[in-house]
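Participant: no FASTA, just this:
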């Protein structure tokens with residue numbers, strides 16, 4: 001009976017670990033890389049960028065090939081000619097440098113799509129779609145060959161890094177993608193409008209970390225269960 005229980009526990013553990021790694025994988029690039037069929041073509045904006053950056057192509061993405069801790073880090077995303085009418089989310093692509101959304105019948109792009117895209121420096125849009133944030137968010141905006149080109153993202157905060165007029169006391173303005181900024185609490189401050197001084201560190205658990213917490217909890221449950229049996 002004990003042997004049967006041990007085998008069941010082992011199977012359950014393998015299942016949870018597998019679930020954890022699957023969840024981690026789904027949060028990364030390949031999901032957005034498969035938004036539509038086809039692959040990144042040569043002599044395109046993303047294709048040329050990927051070649052010059054020594055990246056590797058995966059469907060509609062160019063992935064970093066720098067042996068970093070994140071082997072699925074997206075640096076280029078080509079969703080041109082995907083018959084997209086609106087863009088509401090680009091999951092897992094916040095590390096991207098170049099995005100091509102041209103040749104799509106886009107009528108609307110959510111204001112929140114590019115929040116957190118701090119490295120985005122080249123965005124290609126249909127001619128009638130404005131660059132997010134307008135001139136205040138880009139060093140250069142131009143129309144070329146029927147495309148709207150948004151180049152070199154600006155920092156929405158002032159260059160001195162001082163507090164934005166829109167940020168409360170005890171906080172600093174921080175860039176958060178084209179047309180966006182966020183107020184970051186100073187050290188030892190947290191909470192609503194950064195009014196609370198920190199007493200204990202606060203840990204936010206989400207994504208793969210949450211899954212790892214489940215695995216650890218399960219291991220502790222097995223350990224304590226066996227100890228209880230031996231008493």
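Facilitator: Noted; the coordinates are in hand. What you see is a predicted model; the values in this text were computed from it and never measured.
Participant: contacts and neighbour counts: CA atoms only from here.
Facilitator: OK.
Participant: pop the domain breakdown of the chain in here.
Facilitator: What the record gives for the chain is the domain set 1-27+207-231, 33-154, 155-204, from automatic domain parsing.
Participant: where among these is average confidence lowest?
Facilitator: With a mean of 49, domain 1-27+207-231 has the lowest mean pLDDT of the domains of the chain.
Participant: and the helices in the protein?
Facilitator: Remark: helices assigned in the chain by DSSP state H are 2-26, 30-33, 45-52, 208-230.
Participant: and the nearest residue to residue 178 once chain neighbours are set aside, how many neighbours?
Facilitator: Excluding the flanking residues, the one nearest residue 178 by CA to CA, 6 or more residues apart in numbering is residue 137, at 5.3 Å. Applying other CA atoms under 10 Å, we find 21 residues neighbouring residue 137.
Participant: repeat that for residue 81.
Facilitator: Residue 81 has 15 neighbouring residues, counting by other CA under 10 Å.
Participant: quick check: it touching residue 102?
Facilitator: Yes: the criterion here is CA atoms under 8 Å, and residue 81 meets it with residue 102 at 6.7 Å.
Participant: apart from its neighbours in sequence, what residue is nearest residue 54?
Facilitator: Nearest to residue 54 is residue 65, by CA to CA, 6+ apart, at 6.6 Å.
Participant: and that neighbour, how far from residue 114?
Facilitator: Residue 65 sits at a distance of 23 Å from residue 114 (criterion: CA to CA, to the nearest Å).
Participant: more crowded one of these two?
Facilitator: More neighbours surround residue 114 than the other of residue 65 and residue 114, with 21 against 18 (other CA under 10 Å).
Participant: how about the strands in the chain?
Facilitator: Ranges of strands in the chain, per DSSP state E, are 56-58, 61-63, 74-78, 86-87, 98-100, 108-109, 122-126, 138-144, 147-153, 171-175, 181-185, 189-190, 196-197.
Participant: CSV please, covering the ones you listed and showing mean neighbour count and distance to residue 31.
Facilitator: Listed next are the strands of the chain as CSV, based on neighbours: other CA atoms under 10 Å; distance: least, CA to CA, whole Å:
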stretch, mean neighbour count, distance to residue 31
strand 56-58, 19, 11
strand 61-63, 29, 10
strand 74-78, 28, 11
strand 86-87, 14, 15
strand 98-100, 22, 15
strand 108-109, 14, 19
strand 122-126, 22, 20
strand 138-144, 15, 28
strand 147-153, 21, 25
strand 171-175, 21, 26
strand 181-185, 20, 26
strand 189-190, 18, 34
strand 196-197, 14, 39
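Participant: turn those into TSV, including distance to residue 40.
Facilitator: Converted to TSV, the strands of the chain look like this (distance: least, CA to CA, whole Å):
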stretch	distance to residue 40
strand 56-58	7
strand 61-63	7
strand 74-78	6
strand 86-87	19
strand 98-100	10
strand 108-109	22
strand 122-126	15
strand 138-144	20
strand 147-153	18
strand 171-175	29
strand 181-185	31
strand 189-190	43
strand 196-197	49
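Participant: and residue 140, what is it in contact with?
Facilitator: By CA atoms under 8 Å, 6 or more residues apart in numbering, the residues touching residue 140 are 150-152.
Participant: hmm, try it at 6 Å
Facilitator: residue 151 (CA atoms under 6 Å, 6 or more residues apart in numbering).
Participant: separation between it and residue 190?
Facilitator: Taking CA to CA, one finds residue 140 at 36 Å from residue 190.
Participant: need the contact partners of stretch 128-139.
Facilitator: Contacts for stretch 128-139 (CA under 6 Å, 6+ apart): 150-154, 178-179.
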